[in-house]
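In: coords please:
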Amino acid sequence: MATQKRPLRIQDASLRDAAGRLESFTTMVNRRVDEMRAAEDRAEKTLALFEAEVAAKLVESAVYEVSLRLLPHGVEFDPARQLSLRLGRFRRELASFEVSYGPLPRA
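Out: Numbers count the residues shown, from 1 in each chain. All right, here's what the predicted structure looks like:
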């Protein structure tokens, strides 16, 4: 019979803060994607998509921060999997937007 691991409780304030930021940024991306989907015209959609793109970069940064903060505790955390889970909707909406209107103009 396989032994079951008990959940690990880590008392690390900086890890808790980083995880909180990750959740906050993920919520921010999802709200901007919802705004983009509800927008009536191209200008509103583009603005919401720019904001979502900034929030997606924040999510990416927070995922890697959480990953690095978990290393000393010996906890495996797959950043690529987390990014695909947290940014999947954004990536699909970005692709849909670019198919309809062309690529987003970036500086």
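In: show me what contacts the nearest residue in space to Met36 that is not next to it in sequence?
Out: In space, and not counting its chain neighbours, Met36 is closest to Ala48: 3.8 Å by C-beta to C-beta, 6 or more residues apart in numbering. The way it works is simple: take the backbone N, C-alpha and C, and place the C-beta from them, glycine included. By C-beta atoms under 8 Å, 6 or more residues apart in numbering, the residues touching Ala48 are 32-33, 35-36, 39.
In: can you redo those as a markdown table with neighbour count, pLDDT and distance to Gly20?
Out: Listed next are those as a markdown table, based on neighbours: other C-beta atoms under 10 Å; pLDDT from 0 to 100; distance: C-beta to C-beta, whole Å:
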| residue | neighbour count | pLDDT | distance to Gly20 |
| --- | --- | --- | --- |
| Arg32 | 22 | 96 | 19 |
| Val33 | 23 | 96 | 21 |
| Glu35 | 16 | 95 | 23 |
| Met36 | 22 | 94 | 25 |
| Ala39 | 15 | 92 | 29 |
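In: which of those residues sits closest to Gln11?
Out: Arg32 (33.5 Å; C-beta to C-beta).
In: that closest one: which element?
Out: Using DSSP states H and E, Arg32 sits in helix 13-38.
In: helices or strands next to that helix in the packing?
Out: helix 42-70, helix 79-101 (3 or more C-beta pairs under 8 Å, 6 or more residues apart in numbering; DSSP states H and E).
In: can you check what angle separates the longest one from helix 13-38?
Out: To tie it back to what came earlier, the one meant is helix 42-70. 160 degrees (axes from the mean of the first three to the mean of the last three C-alpha atoms, to 10 degrees).
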